[in-house]
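A.B. asks: For reference, the sequence and a predicted model appear below.
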Amino acid sequence: MMRGQQGKLRGGLWVASFLMLMALLAGCGGNNAANTPAAEATGGNAASAPEPAASAEPGAEPVTVKLQLKWVPQAQFAGYFLAQDKGYYAAEGLKVEILPGGPDIVPEQQVAGGSADIGVDWVASLLTSQEQEMPLVQIAQIFQKSGLVLVSKKEAGITTPADLKGKKVGNWMGGNEFEILALFDKYKLDSGKDLNFTKQGFTMDQFLGGELDAASAMTYNEYQVVLESGIKAEVLSVIDMNDEGVAMLEDNLFANKEWLEANKETAAKFVRASLKGWADAIADPEAAVDSVMKLAEEGSTTREHQLTMMTEVAKLIQPEGFDASKLGYTDAAAFQQTADIALKFGVIKTAADMNTAYTNEIVEMAAK
């Protein structure tokens with residue numbers, strides 16, 4: 001997840017720190033506090049994705065594609081694991097190596113440096129890397145909605161964002177705060193004067209212990225941790241960044257521009273197989289979690305938690321009313337909103353170039 005800081009961050013030194021922190025804090029956007037980096041992994045409405053192309057020619061050498069995740073194996077990435085297990089990549093003539101992320105892994109750096117061909121991260125992190133002139137371009141948008149919310153107990157009296165005035169509000173900081181800052185800005189709340197905006201730990205202990213009036217949470221992870229602690233949803237209030245119009249796009253797929261220029265067909269095959277994997281994961285969460293649990297480090301998580309995560313992730317990939325045939329497409333307005341918030345709060349110093357930051361060409365090729 002993206003997690004942020006108090007105030008605007010500037011300067012080249014910040015940019016480098018931001019990228020490292022983005023990797024470290026990838027968890028709230030999927031980081032299960034109990035998880036630890038694992039070994040390399042290779043190997044509603046039901047979504048419908050394009051069928052894969054005909055199987056590769058018998059005897060043909062498979063083309064290797066390395067996918068760099070932003071965190072360790074969990075349901076946040078289930079579509080890729082399921083595509084691997086069901087042979088969708090192999091059917092496209094690909095040998096896909098799925099590389100787990102972790103606190104010391106910055107997907108953009110891995111892809112820009114050639115250690116991976118395609119990466120998964122949040123859009124704001126990609127925008128920062130592009131501003132650093134890393135040769136990267138977004139080729140698919142997997143999460144169509146933000147999973148970030150502010151959660152509070154009803155007894156705190158927070159029913160609307162305006163009620164945050166005078167309250168203690170937590171966020172992981174380090175690049176994950178910008179949606180929250182945009183929310184404050186919308187309601188004319190000064191994060192340094194009108195409320196106590198404070199750093200939140202990676203667990204929900206501060207919130208559960210009453211140290212925070214409102215805490216940041218991802219719908220598919222931290223919010224579920226609160227429910228799993230025994231607190232009922234009926235006694236909680238939730239402020240959703242999507243409902244408030246300050247949401248930023250999260251999990252995407254991006255590639256090295258130089259690699260992409262020479263491998264568009266390969267990229268399209270990868271995206272086609274991945275989207276089919278995600279469609280299956282949404283339609284059959286149990287099978288998706290089977291694939292996840294094969295790779296999750298023993299004792300780091302539970303099947304029940306991963307199943308809940310998969311159910312919630314599905315709502316972000318294919319929101320209610322979303323046209324399933326558009327799975328993977330980058331929505332221009334949503335991308336622009338993310339870029340505008342990133343610019344306003346210092347994630348990037350100059351406006352992003354919408355003509356070069358992302359492309360729908362690969363998704364369109366995958367649909368053919």
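C.D. replies: Received, thanks. Numbering: from 1, shown residues only.
A.B. asks: State the mean pLDDT of stretch 216-230.
C.D. replies: Here stretch 216-230 scores 96 as its mean pLDDT.
A.B. asks: Equivalent analysis for stretch 97-108, please.
C.D. replies: If you average the pLDDT over stretch 97-108, you get 92.
A.B. asks: try stretch 283-302
C.D. replies: For stretch 283-302, the mean pLDDT works out to 94.
A.B. asks: Quick check: buried residues in it?
C.D. replies: Residues 283, 285, 288-293, 295-296, 300-301 are the ones in stretch 283-302 that count as buried (16 or more other Cβ atoms under 10 Å). All C-beta spots, glycine's among them, are computed from the backbone N, C-alpha and C.
A.B. asks: start to end distance for that stretch?
C.D. replies: The straight-line separation of the ends of stretch 283-302 (Cα to Cα, to the nearest Å) is 21 Å.
A.B. asks: wouldn't K165 be in contact with K188 here?
C.D. replies: No - K165 is beyond contact range of K188, at 9.6 Å (criterion: Cβ atoms under 8 Å).
A.B. asks: These two: which has the busier surroundings?
C.D. replies: K165 (15 against 9; other Cβ atoms under 10 Å).
A.B. asks: count of neighbours near the closest residue to that one other than its chain neighbours?
C.D. replies: Spatially, and ignoring its direct neighbours in sequence, K165 is nearest to D194 (5.1 Å; Cβ to Cβ, 6 or more residues apart in numbering). With neighbours defined by other Cβ under 10 Å, the count for D194 comes to 15.
A.B. asks: Checking D194 next. Helix, strand or coil?
C.D. replies: The assignment at D194 comes out as coil when based on DSSP: H, G, I helix; E, B strand; the rest coil.
A.B. asks: got a list of what it touches?
C.D. replies: D194 makes contact with 165-166, 184, according to Cβ atoms under 8 Å, 6 or more residues apart in numbering.
A.B. asks: Select from those every entry located in helices.
C.D. replies: Among the contacts of D194, the members found in helices (DSSP state H) are F184.
A.B. asks: Export the contacts of D194 to a markdown table and append columns for pLDDT and distance to W172.
C.D. replies: Below are the contacts of D194 laid out as a markdown table (pLDDT from 0 to 100; distance: Cβ to Cβ, whole Å):
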| residue | pLDDT | distance to W172 |
| --- | --- | --- |
| K165 | 98 | 22 |
| G166 | 98 | 22 |
| F184 | 97 | 16 |
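A.B. asks: What count of nearby residues applies to E364?
C.D. replies: Here the number of neighbours of E364 (other Cβ under 10 Å) works out to 13.
A.B. asks: helix, strand or coil for it?
C.D. replies: Secondary structure for E364, judged by three-state DSSP, is helix.
A.B. asks: And it, how far from T338?
C.D. replies: The gap separating E364 from T338 is 21 Å, by Cβ to Cβ, to the nearest Å.
A.B. asks: Check F270 too.
C.D. replies: 24 Å.
A.B. asks: pLDDT value on the residue nearest the centre of the chain, please?
C.D. replies: Among the residues of the chain, D251 comes closest to the average C-alpha position under Cα atoms, centre = their mean, at 3.0 Å. pLDDT recorded at D251 is 97.
A.B. asks: got any ranges where the protein has weak pLDDT?
C.D. replies: 1-59 (pLDDT under 70).
A.B. asks: So it: which segments form each domain?
C.D. replies: For the chain, the structural domains run 41-145+251-338+351-366, 148-240, going by automatic domain parsing.
A.B. asks: Any chance of CSV for those, columns distance to F345?
C.D. replies: Compiled in CSV, these are given as follows (distance: least, Cβ to Cβ, whole Å):
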stretch, distance to F345
domain 41-145+251-338+351-366, 10
domain 148-240, 5
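A.B. asks: Can you tell me the closest non-neighbouring residue to E211?
C.D. replies: Using Cβ to Cβ, 6+ apart and skipping the chain neighbours, the partner closest in space to E211 is K168 (7.4 Å).
A.B. asks: One more: Y220?
C.D. replies: Using Cβ to Cβ, 6+ apart and skipping residues adjacent in sequence, the residue nearest Y220 is E312, 3.5 Å away.
A.B. asks: which helices and strands does the one helix or strand the one you found maps to pack with?
C.D. replies: Following DSSP states H and E, one finds E312 within helix 303-317. On a contact count with 3 or more Cβ pairs under 8 Å, 6 or more residues apart in numbering; DSSP states H and E, helix 303-317 meets helix 78-85, helix 222-228, helix 264-283, helix 285-293.
A.B. asks: which residues sit against the helix or strand harbouring K95?
C.D. replies: Here K95 sits within strand 94-99, counting by DSSP H and E. Identification of contacts with strand 94-99 by Cβ under 8 Å, 6+ apart yields 40-43, 62-69, 77, 80-81, 83-84, 89, 110, 116, 266, 269-270, 273.
A.B. asks: Neighbour count says what about these? Which are buried?
C.D. replies: 41, 63, 65-69, 77, 80-81, 83-84, 89, 110, 116, 266, 269-270, 273.
A.B. asks: my guess is L127 meets V347, correct?
C.D. replies: Yes - taking Cβ under 8 Å as the definition, L127 is a contact partner of V347 at 6.6 Å.
A.B. asks: and Q224, how many neighbours?
C.D. replies: 20.
A.B. asks: my read: F143 touches L249, true?
C.D. replies: Yes - with contact defined as Cβ under 8 Å, F143 reaches L249; the gap is 6.7 Å.
A.B. asks: Of those two, which one has the most company?
C.D. replies: A direct count of neighbours by other Cβ under 10 Å for F143 and L249 places L249 higher, at 25 against 22.
A.B. asks: Could you check how far the more buried one is from T350?
C.D. replies: According to Cβ to Cβ, L249 stands 19 Å off from T350.
A.B. asks: Also S146?
C.D. replies: In this view, S146 and T350 are 24 Å apart by Cβ to Cβ.
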